[in-house]
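[1] Quick one: sequence and predicted model below, then my questions.
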Amino acid sequence: MSRLPILRVRFARILAVIAASLVCLNCVVGTQSAIAEEPPTVAEILKRLGEWRKSFATVRVHWHSWHREDFIEANPGVDPDRALGITNYSDHEFVWADFGAIRNELKVIKGGRMVYRNLLGADGPRPWAATTDWDGNQDELDLITFYRPDPTRPLSTNIGFNSIGGLWNSSGLWLDERLKQAASQLNPVFEEVAGVRCVRLELNTSTSTQSSEQVLWLDPNHDFLPRKSIVSGNIPNLGWIVIKTWIASEFAQPDGTIWWPMKGVLLEEKHETGFEWFVKSVSFNESLSRADFAAPGGTPGKTKIIDYLNLDVSRVGVESKGSSNTPQQDSVSPSRSDPTAAFPSSSRWVWLLSASVALLVVGVVLRFGRRNRN
């Protein structure tokens, strides 16, 4: 009898075994792949972000921001990257300490010269703000305002800081704290941003008068720090609109251990171009005290002081005639890169006014550049 049929049968059996093995192997690999593709849990995200935040007790961030399209339009033929620093931009410094204090200083630079300073701060007991005269002596403060504190929201503000907008917003809380408060509503899913696989989260908040939504894309490769954040709001008579989009395009470890967003853009409302920002330096765990966050002293005889807690108006070095409760002034030089801000909800209208003035000034600077070509 020929052995050929027997060999064919054996060969067919061998092929069947191989095929079955491949199917089983594919199932195992497919199962492992499916498991690997599962997004991290909310607990895992909060753990990583919490460890990131707890790695520093203080932080100082210095950055520049500018509106590239405005600059190019106002300065045709000028390389914007080479011109930055000698023309028009804003210089910012934000400082935070875990004992409950912040300060920020904004300097507006026009034609390579500082034309305005705005300082905001809270040393814990009292929030304050200080400004200089537009295009005046920037070593002399024109106005210092002390506001009524709100113990429930001691570091909240009604303005944001563009470079750290994805990490810290006007609530006065870091991202891990805000996510922890909304943990029950979070549903992590994978989604790519600029070719990077991120974890997408949605946060929704509502009040009796309005509602808002924030969508975050967190980068697992950088301790789940955000690569992108979009804030939308349901504005009366306008409906849902995008209020601002924050994007981080580069990350680094300034001290060799802690990740930080170093470059990006802040787009406002539906504008396609916005404020580019890049971090000049980040310092962690400096030795700071509450005195480092106190309001500056002002210039005797010049600096006006408005104290909303004691309902008093006075000038530095001049005895108050409106009240015996004149605010105590610190001996900090006004030319120091001091303070920053906290805005209590109990005097929200005051903070809104201050924020509007500050934003108006910055807007004027940027738009003025269009008409005054350097």
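    Structure's in. What do you need? Residues are numbered from 1 along each chain as shown.
[2] looking at this, K107 is in a strand?
    Yes - applying DSSP: H, G, I helix; E, B strand; the rest coil, one finds K107 inside a strand.
[3] Tell me what it is bridged to.
    Taking DSSP bridges, one finds D91, R117 as the beta-bridge partners of K107.
[4] same for the host helix or strand of W66, what does it pack against?
    Secondary structure from DSSP states H and E places W66 in strand 58-67. If you count contacts as 3 or more Cβ pairs under 8 Å, 6 or more residues apart in numbering; DSSP states H and E, strand 58-67 packs onto strand 89-97, strand 275-284. Heads up, the C-betas are built off the backbone N, CA and C, glycines and all.
[5] Now the first one: average pLDDT?
    In this model, strand 89-97 carries a mean pLDDT of 95.
[6] Also the longest one?
    Across strand 275-284, the average pLDDT comes to 95.
[7] any idea of the angle it forms with strand 89-97?
    Strand 275-284 runs at 40 degrees relative to strand 89-97, counting by axes from the mean of the first three to the mean of the last three Cα atoms, to 10 degrees.
[8] What is strand 275-284 packed up against?
    Other elements packing on strand 275-284 under the criterion 3+ Cβ pairs under 8 Å, 6+ apart are strand 58-67, strand 260-268.
[9] any idea which helix or strand comes after that strand?
    strand 304-307.
[10] Paired strands for that following strand, with orientation please.
    Sheet pairing for strand 304-307, assigned by DSSP bridges, gives strand 141-146 (parallel), strand 312-315 (antiparallel).
[11] Now that strand: buried residues?
    When neighbours are counted by 16 or more other Cβ atoms under 10 Å, the buried residues of strand 304-307 are found to be I305, I306, D307.
[12] Over to stretch 184-203?
    Going by neighbour count (16+ other Cβ under 10 Å), the buried part of stretch 184-203 is L186, P188, V193, C198, V199, R200, L201, L203.
[13] Render the CA-only coordinates of the helix or strand harbouring the last one in CSV, please.
    Meaning L203. Taking DSSP H and E as the criterion, the element that holds L203 is strand 196-206. Once non-C-alpha atoms are left out, strand 196-206 reads as follows in CSV (Å, rounded to 0.1, in the frame of the first residue of the first chain):
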residue,chain,number,x,y,z
VAL,A,196,0.5,61.7,21.8
ARG,A,197,-1.9,59.2,23.4
CYS,A,198,-3.5,61.0,26.3
VAL,A,199,-6.3,60.3,28.8
ARG,A,200,-9.4,62.4,28.2
LEU,A,201,-11.5,63.6,31.1
GLU,A,202,-14.6,65.8,31.3
LEU,A,203,-15.6,68.0,34.3
ASN,A,204,-18.9,69.7,34.5
THR,A,205,-19.9,72.3,37.0
SER,A,206,-23.2,74.1,37.4
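[14] other SSEs contacting it?
    Helices and strands touching strand 196-206, as assessed by 3+ Cβ pairs under 8 Å, 6+ apart, comprise helix 175-181, strand 189-193, strand 211-219, strand 225-235.
[15] got the angle for that strand vs strand 211-219?
    160 degrees.
[16] In this structure, spot the strand with the most residues.
    Looking across the chain with DSSP state E, the single longest strand is strand 239-252.
[17] what's the closest of the buried residues of strand 304-307 to P80?
    I306 (39.2 Å; Cβ to Cβ).
[18] Could you check how far the spatially closest residue to that closest one that is not a sequence neighbour is from N104?
    If you skip the residues right next to it in sequence, I306 has T145 as its closest partner in space, 4.7 Å away by Cβ to Cβ, 6 or more residues apart in numbering. Plainly put, T145 is 15 Å away from N104 if you go by Cβ to Cβ, to the nearest Å.
[19] ok, now R68?
    As for R68, its distance to N104 is 23 Å (criterion: Cβ to Cβ).
[20] Leaving aside the residues adjacent along the chain, what's closest to the residue nearest the centre of the chain?
    Residue closest to the mean C-alpha point of the chain, counted by Cα atoms, centre = their mean, is G165 at 1.8 Å. Across the structure, with Cβ to Cβ, 6+ apart as the measure, the residue nearest G165 apart from its sequence neighbours is W246 (4.3 Å).
[21] quick one, what contacts V265?
    The contact partners of V265, taken as Cβ atoms under 8 Å, 6 or more residues apart in numbering, are W246, I247, S249, G274, F275, E276, W277.
[22] That one bridge partners, please.
    Those that pair with V265 in a beta bridge, by DSSP bridges, are I247, E276.
[23] L201 now?
    In beta-bridge terms (that is, DSSP bridges), L201 pairs with L216.
[24] likewise S212?
    Here S212 sits in beta bridges with T205, G233, going by DSSP bridges.
[25] helix/strand/coil for D81?
    For D81, the secondary-structure state derived from three-state DSSP is helix.
[26] how far does stretch 112-132 stretch from start to finish?
    With Cα to Cα, to the nearest Å as the measure, stretch 112-132 spans 18 Å from end to end.
[27] Give the buried residues for it.
    Buried residues in stretch 112-132, defined by neighbour count with 16+ other Cβ under 10 Å: 115-124, 126-132.
[28] And for stretch 39-57?
    When neighbours are counted by 16+ other Cβ under 10 Å, the buried residues of stretch 39-57 are found to be P39, P40, V42, I45, L46, R48, L49, G50, W52, R53, F56.
[29] average model confidence for it?
    Rounded to a whole number, the mean pLDDT of stretch 39-57 is 96.
[30] Residues contacting it, please?
    97-98, 174-177, 179-180, 183, 186, 188-190, 199, 201, 218, 220, 223-225, 257-259, 284-285.
[31] ok now that stretch, how far from the chain's centre?
    With Cα atoms, centre = their mean, to the nearest Å as the basis, stretch 39-57 stands 18 Å off its chain's centre.
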